[in-house]
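[1] no sequence on this one, just coordinates:
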């Protein structure tokens, strides 16, 4: 799977927060080579932040 396919899959799964920051997180991982779990945790946090932000906007 390439980056475009992964972004498409994330959007199908309604994980747009992760999809929006995926390329940035991939670049960070390539440059700094952090542990995989740290990169995954950052992506998950991006999704949570986006959902909280949308919830706040709706209220």
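    Now that the structure is in, tell me what you want to look at. It should be emphasised that the depicted structure is a prediction, and the values quoted were computed from it without experimental measurement.
[2] give the contact list for the spatially most central residue of the chain.
    Centroid check for the chain by C-alpha atoms, centre = their mean gives residue 18 as the closest residue, at 2.1 Å. For residue 18, the contacting residues are 10, 43, 44, 46, 47, by C-beta atoms under 8 Å, 6 or more residues apart in numbering. All C-beta spots, glycine's among them, are computed from the backbone N, C-alpha and C.
[3] name all residues that make contact with the second one.
    Just to be clear, that refers to residue 43. 18, 21, 22, 25.
[4] would JSON lines of these with distance to residue 31, secondary structure and pLDDT be doable?
    Shown next, in JSON lines, are those (distance: C-beta to C-beta, whole Å; DSSP: H, G, I helix; E, B strand; the rest coil; pLDDT from 0 to 100):
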{"residue": "18", "distance to residue 31": "19", "secondary structure": "helix", "pLDDT": "95"}
{"residue": "21", "distance to residue 31": "15", "secondary structure": "helix", "pLDDT": "95"}
{"residue": "22", "distance to residue 31": "15", "secondary structure": "helix", "pLDDT": "95"}
{"residue": "25", "distance to residue 31": "11", "secondary structure": "helix", "pLDDT": "93"}
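[5] between those, identify the one with the most neighbours.
    Comparing the contacts of residue 43 on neighbour count, residue 18 comes out first with 23 neighbours (neighbours: other C-beta atoms under 10 Å).
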